[in-house]
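> After the sequence you'll find the predicted model.
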Amino acid sequence: MPAFDYAPAPESRDLANLKPSYRPFIGGEFVDGGGEPLKSVNPATEEVLAEVGTADANDLDAAVRAARTAFEKTWGPMPGSERAKYLFRIARLVQERSRELAVLETLDNGKPITESRDSDLPLVAAHFFYHAGWADKLDYAGYGPGPKPLGVAGQIIPWNFPLLMLAWKIAPALATGNTVVLKPAETTPLTALVFADICRQAGLPAGVVNIVPGAGDLGAKLVSHPGVDKIAFTGSTEVGKLIQREVAGTPKRLTLELGGKAANVVFDDAPLDQAVEGIVNGIFFNQGHVCCAGSRLLVQESVADELLEKLRHRISTLRLGDPLDKNTDVGAINSREQLDKIRELAESGEAEGAQRWTSPCPVPDRGFFFAPTVFSGVHQSMRIAREEIFGPVLSVLTFRTPDEAVAKANNTPYGLSAGIWSEKGSRILWMANRLRAGVVWANTFNRFDPAAPFGGYQESGFGREGGRTGLEGYLDV
Amino acid sequence: MSDRVTVAKTYKLFIGGKFPRSESGRVYPVTDAKGGFLANAAHASRKDVRDAVAAARTAFAGWSGATAYNRGQVLYRVAEVLEGRRDQFAAEVGAAEGLSERKAGAVVDAAIDRWVWYAGWTDKLASVLGAANPVAGPYFSFTVPEPTGVVGILAPQESSLLGLVSVLAPALATGCTAVVVSSAERPLPAITLSEVLATSDVPAGVANVLTGRAAELGPWLASHADVNALDPTGAPDRAELARAAADTVKRVLPVPTGEPDWTQRPDIARLRRYLEAKTVWHPMGV
Amino acid sequence: MSAPTLPAALADATRDDASLRRFLHGLPGVDQVGVEARATALATRSIKKSSKLWAIDTAISMVDLTTLEGADTHGKVRALTAKAKRPDPDHPDTPQVAAVCVYPDLAATAVEGLTGTGIGVASVATAFPSGRSSRQVKLADVALAVESGASEVDMVIDRGAFLEGRYGAVFEEIQAVKAACGGAHLKVILETGELASYDNVRRASWLALLAGGDFIKTSTGKVSPAATLPVTHVMLQAVRDWYTATGELRGVKPAGGIRTTKDAIKYLVAVHEVAGEQWLTPQLFRFGASSLLNDLLMQRRTQHDGHYSGPDYVAVD
């Protein structure tokens, strides 16, 4: 039997322009940080990529001051049409340097190069393009005439989509006239600092964007900093609650985008092969490191066996390995810490009685990798049905009727996203109406667009990013 | 310093992505504000109007079917190329309108910024003008704005670039295609703008520019059954055109008498006029 | 009307027109956006170096070298058979193509030109390409092909009957043609460009498989669009599902519009990942193409010689 082995097809690492060290970006300059430098590691190889200077409390003060000065002197008074042109320039520069950013993102984060190249980067550019156009049209955004910005926004982003999360934060903030101090995640600071260079190439006035790398304590300092008018956080529900508590009673505005445990609901009249694609995309895209991942498959009993057989076949074709290889589908887990969490939860699945199936794909012997795994016979009471795993692990439950599907799907304090698979339009709309989730995908999954608001119900956070609705988080309305 | 002989530019029509002469073979002389000869412009005929509308119709499916994001990208690219040719436009506008270098530069800057403003509208219109309709029944009902089709535009007679941009860009931003009759006495910037459109990823036929007389060509546009909307700004008798447009129930843009101050930021009346609201209903039930 | 070798559920489906309709319309639908997105994503696979060489050689071995023009002559067919036998005279290790594909009245010439080579002769039949004629004429067409020595018959389904919903008529016609083929393999051309939806492509695929077709083929090449990646995805899924249900292996042939090595490799990736490794053989997958072969030969030379090749270095056929 012929074997169609795909020879290694690595993207060139050199394209990332990797430097040995990176520094915080404050007041329009790269400056030496006073904090303990951190080493950013390539999770696929465990090698150190670069040293990154971090910000200490003084640096943070300087950043907030620079943002405040820029807000009062340059960015705040600037007409929207002029702000727009800076954002358009940034969007264009992101497009031009897309390949460099994509390779760097893959090295730092571990996600496959095809994802950073074909999903992340195009969306990053699109967010800046879209929001650029709002800067001089805020009168039409539905918040009354001449809505005003909040001032200085402190933004804390996670490691799963480093540059994209940066775009989701910075684009609307700047478009609406705010200035920002952004802290990238500890394990993935590199693309944020190249973005800072793009701001320089765009001629963005000093202090409008400040990037302060650091660890969790720096984030806490940013949250509690008195010079900040608004906090935007994407990350775990656990930390989100701490932030909400910290900010409570102060005039600071807050938006949170937290965790999820989305149900992907497949009815017996689903377009089955595309449902399989949607399930696979839902949980294995970005190694499952997605807040809106379809981590619970709810399949109607009558098609469960057929679906699962197709699903296992499809999952077996997923290629796990070197994220820089253009044929890799599933890359590296972002850190040893996260890998340990995934393993612990997977073990609980077995301990609690679910049936485990793992893809027979080869697993590299160095780096942080976890093979795609499916648990069937899962019940709502199990940890793998309730807790966010944030990894390539799918929990499969069944249901008999649409009402039961709704009940099981909603049976969670989370409410970020959901999927519905059916060829019957009325049923899709009926379900969408009843699902307590901020984003509902029907016959598709993981679709993002700067024009479509994204955000959760309940403990998945509040506030929306994208669309007209998303502007609200950065306006004094 | 020797007097170098310059290579004089030829100005033709812009139809279907190409630059043909008028099928009538006619031209007319264009002079600067002081009466000095600038160039001969093609004198478009009703058959050129016919060909331009056909080109615009052919291009409509592709342009309206592109994503709003894509249209925004293309229009922004137009602005980039415009900016690159700023000095050329400033010279042409200065000559046409009798403006100083500084004033002409300011006009061109305003035109570029106007274009950028419209480029940023493409992917916002649905959010601002569309809606989910809270109907009293188990139905999901939504209304989306859709481009109406081919727009016939009589560009302002005085403002040869800023006014032109202000009447053309909104049609393109909504996803419509356009046939524009330029200012009669100040037509040259319109053709240079066409050169920009031709080199900026704007698909052939999306914008078509005819140099000539609004009085002659306006009625043919207004009565054309395959033109969906009409902007009569540059017409000498707007009421007459509006009456002609009634026979095919065209959407006619209400325009004030005289020429407005184009330097003022416009509202979205032009964008709204070129959009149709489509309402869809779908039951919600298991 | 039933085929006795099928598992009960499938045999039931072919009991009568109504059962066939219920079965075909009961198959899961195909979401257009979803299948096209999958086809596009899978087409980004990067096949390099040794796997590219393997893919080129495999693709060459899967080509049904085709000429189907009104202006075809015996001379043209003889030139084609010469090319099929020695695709690249400067590189004798180049694989042979799978078959040559011609109109039935030229099949005998093709057979003569390929004697002793093991290369198949496929003949179109059944009033190709339109399929618009009587059953009698269509079967006579098949008989001409078979008597001329064709080892494979590429028939067209009656699209008119299919779109009218007369699935039983389409089914019976395929069965009749299959019987008339004798030992020759039957490829059933669905003419997917006329079927209008992926749902119909899935239904037509199952219909052809139920009726006994050895291969399902996308197109005649005379209608646009001809073969596309998403359509081929749907058909590959059908033969895979057929295999799961019956244990039988059936083949797929995209035809028309596949001109470059890049395209061909995208199809091989689809075969590999949608159907499975087993289908990566000329017994189960073919390319219906004419100009593709020369591009494959040029790319083969490029891989071996280390520099880009040119059209002057490959023979015209």
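Looks like it came in fine.
> Contacts only, for the residue in the stretch 51-200 of chain A that chain B sits nearest to.
Nearest to chain B, among the residues of the stretch 51-200 of chain A, is A:G133, at 2.4 Å (CB to the nearest CB). C-beta: built from backbone N, CA, C; applies to glycine. By CB atoms under 8 Å, 6 or more residues apart in numbering or on different chains, A:G133 lies in contact with A:A84, B:G72, B:A119, B:G120, B:W121, B:T122, B:D123, B:K124.
> helix or strand for the residue lying closest to C:R300 once chain neighbours are set aside, which one?
Once flanking residues are discounted, C:R300 sits nearest to C:I56: 5.0 Å by CB to CB, 6 or more residues apart in numbering or on different chains. Here C:I56 sits within helix C:49-61, counting by DSSP states H and E.
> which residues touch that helix?
Contact with helix C:49-61 is made by A:2, A:4-7, C:47, C:87, C:94-98, C:261, C:264-265, C:268, C:280, C:282, C:287, C:292-293, C:296-297, C:299-300, C:303, as judged by CB under 8 Å, 6+ apart.
> Regarding the residue nearest the centre of chain C, what are the backbone dihedral angles?
Chain C has C:K253 as the residue nearest its centroid, 2.4 Å off, counting by CA atoms, centre = their mean. Main-chain dihedrals, C:K253, degrees, to the nearest 10: phi -130, psi 110.
> Would you agree it is in contact with C:R286?
Yes. C:K253 lies in contact with C:R286 (CB atoms under 8 Å); the separation is 4.2 Å.
> Tell me the residues that contact both of the two, please.
Common neighbours of C:K253 and C:R286 (CB under 8 Å, 6+ apart) are C:D64, C:K187, C:F215.
> chain center to the helix or strand hosting the first one: distance?
It stands for C:D64. Taking DSSP H and E as the definition, C:D64 sits inside strand C:63-66. When C-alpha coordinates are averaged (CA atoms, centre = their mean, to the nearest Å), strand C:63-66 and its chain have centres 10 Å apart.
> Just the CA atoms of whichever helix or strand comes after that strand, as PDB, please.
The first helix or strand that comes after strand C:63-66 along the chain, using DSSP H and E, is helix C:74-85. Taking C-alpha atoms only, helix C:74-85 is exported to PDB below (Å, rounded to 0.1, in the frame of the first residue of the first chain):
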ATOM      1  CA  HIS C  74      -7.100   8.200 -36.200                       C
ATOM      2  CA  GLY C  75      -3.800  10.000 -36.500                       C
ATOM      3  CA  LYS C  76      -4.500  12.100 -33.400                       C
ATOM      4  CA  VAL C  77      -5.400   9.000 -31.400                       C
ATOM      5  CA  ARG C  78      -2.200   7.200 -32.600                       C
ATOM      6  CA  ALA C  79      -0.200  10.200 -31.400                       C
ATOM      7  CA  LEU C  80      -1.900  10.100 -28.100                       C
ATOM      8  CA  THR C  81      -1.200   6.400 -27.600                       C
ATOM      9  CA  ALA C  82       2.500   7.000 -28.500                       C
ATOM     10  CA  LYS C  83       2.600   9.700 -25.800                       C
ATOM     11  CA  ALA C  84       0.900   7.400 -23.300                       C
ATOM     12  CA  LYS C  85       3.500   4.700 -23.900                       C
END
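> Can you list the low-confidence ranges for the chain?
I went with chain A, as the question did not name one. Low-confidence segments of chain A (pLDDT under 70): A:1-2.
> wait, chain C
Residue ranges of chain C with pLDDT under 70: C:1-5, C:317.
> Could you name the helices and strands sitting against the helix or strand where C:A145 lies?
Here C:A145, judged by DSSP H and E, is contained in helix C:135-147. Other elements packing on helix C:135-147 under the criterion 3 or more CB pairs under 8 Å, 6 or more residues apart in numbering or on different chains; DSSP states H and E are strand C:120-124, strand C:152-156, helix C:167-181.
> among these, which is nearest A:A202?
The minimum distance between A:A202 and these falls on strand C:152-156, with 58.8 Å, by CB to CB.
> who does the closest one pair up with?
Here strand C:152-156 is paired, per DSSP bridges, with strand C:120-124 (parallel), strand C:185-189 (parallel).
> What residue in chain C comes nearest to chain A?
Closest point on chain C to chain A, by CB to the nearest CB, is C:G34, at 3.1 Å.
> I'd assumed A:V280 was in contact with that residue.
No. At 11.5 Å, C:G34 and A:V280 do not qualify as touching, with contact defined as CB under 8 Å.
> So C:A315 is in contact with C:K83, correct?
Yes. Judged on CB under 8 Å, C:A315 makes contact with C:K83 at a distance of 6.2 Å.
> who has more neighbours, the two?
C:K83 (21 against 16; other CB atoms under 10 Å in any protein chain shown).
> what's across from the nearest residue to C:V177 once chain neighbours are set aside in the sheet?
Among residues not flanking C:V177 along the chain, C:M155 sits closest, at 4.9 Å (CB to CB, 6+ apart). Beta bridges link C:M155 to C:V188 when assigned by DSSP bridges.
> how about the strands in the stretch 201-317 of chain C?
C:215-217, C:251-253, C:287-289 (DSSP state E, counting those that start in this stretch).
> show me the contacts for the residue of chain A found nearest chain C.
Residue of chain A nearest chain C, by CB to the nearest CB: A:Q274 (3.1 Å). Contact analysis of A:Q274 by CB under 8 Å, 6+ apart lists A:W421, A:N443, C:V30, C:D31, C:G34, C:V35, C:R38.
> I'd like those residues as TSV, with secondary structure and neighbour count appended.
Listed next are these as TSV, based on DSSP: H, G, I helix; E, B strand; the rest coil; neighbours: other CB atoms under 10 Å in any protein chain shown:
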residue	secondary structure	neighbour count
A:W421	strand	33
A:N443	coil	21
C:V30	coil	24
C:D31	coil	25
C:G34	helix	23
C:V35	helix	23
C:R38	helix	25
